[in-house]
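A.B. asks: any chance you could fold what I've pasted below:
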Amino acid sequence: MDTRIKHDHTLEPQLSTNDIDTNKLRSTIGMLASENWFAPVMLSLKHIETFVDEHNAVFIQRGIGIEHEIPDYLFTEYGADIMEDELPVIALSNIVLKYDFFTIEEIFFLKEKQIIISNAPPDQFSNEIVQYLHEKKITAVGTNFLSIENSNFQNIINQIVSLLISSKRIIYDIQLNPLLLKGIYCYNGEICNRAIAANAGVPWKDLVELCWNWN
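C.D. replies: Numbering: from 1, shown residues only. Next up, the predicted model:
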């Protein structure tokens, strides 16, 4: 893979992953850049290194760490692949992380049954957005529902991603892990948060009933 460092310590974007054998990967994780100034990077460099060592691929949008003085080439030293913009990150990832709310354009490009983790203010959800989530059977975690302290933010996100990667069936992990039960607002395309459903004008389903329905 071409990770040549230019003189200004940036990288040529690597848009081809022909040398990555997806059959040998446990999962693929993508991190999108934030529109907010000084938004935290959702996974630390050490978290990224651990995921890569455990046979996961990590794709990162160019410039994601610039406000924290983490240049792109440093992410590659810990095993991540740098992508020029959000679309290849979304296309290549099973789990997509973004500190901000996903834009409607990003949601439009999500793949079926992807998992997204982001801030999810209920008043940002339109009927169109929840319809996209429903059609693509997306499972989504809202970090704002978890009451995470800033000092523990990356560790909690790492814990959630680790749970999702190791999951044989996410329904069982929801039953066993309070973080997922508290944070998931869309399960397999079904909105399970009252405030989001009310703002978007759609019905909501209780996550407990969705995941404990034995019929």
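
A.B. asks: just the buried positions in the helix-or-strand element of the chain with minimal mean pLDDT, please.
C.D. replies: Across the helices and strands of the chain, mean pLDDT, DSSP states H and E gives its lowest value to helix 170-176, namely a mean of 85. Neighbour-count burial for helix 170-176, with 16 or more other C-beta atoms under 10 Å as criterion, is recorded at 170, 173-174. Where you see a C-beta, it was placed from the backbone N, CA and C, and this is true even at glycine.

A.B. asks: tell me what it is packed against?
C.D. replies: Helix 170-176 makes packing contacts with helix 153-166, helix 178-183, helix 207-211 when contacts are defined by 3 or more C-beta pairs under 8 Å, 6 or more residues apart in numbering; DSSP states H and E.

A.B. asks: out of the ones you listed, which comes closest to Lys46?
C.D. replies: Comparison of these against Lys46 by C-beta to C-beta identifies helix 153-166 as nearest, at 9.1 Å.

A.B. asks: with just CA atoms, put that closest one into PDB.
C.D. replies: The C-alpha trace of helix 153-166 is given here as PDB (Å, rounded to 0.1, in the frame of the first residue of the first chain):
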ATOM      1  CA  PHE A 153     -15.000   9.400  25.700                       C
ATOM      2  CA  GLN A 154     -12.500   7.400  23.600                       C
ATOM      3  CA  ASN A 155     -12.500   4.400  26.000                       C
ATOM      4  CA  ILE A 156     -16.300   4.200  25.900                       C
ATOM      5  CA  ILE A 157     -16.400   4.300  22.100                       C
ATOM      6  CA  ASN A 158     -13.700   1.700  22.000                       C
ATOM      7  CA  GLN A 159     -15.700  -0.500  24.300                       C
ATOM      8  CA  ILE A 160     -18.800  -0.200  22.100                       C
ATOM      9  CA  VAL A 161     -16.900  -0.900  18.900                       C
ATOM     10  CA  SER A 162     -15.200  -3.900  20.500                       C
ATOM     11  CA  LEU A 163     -18.600  -5.300  21.600                       C
ATOM     12  CA  LEU A 164     -20.000  -4.900  18.100                       C
ATOM     13  CA  ILE A 165     -17.000  -6.400  16.400                       C
ATOM     14  CA  SER A 166     -17.000  -9.500  18.600                       C
END
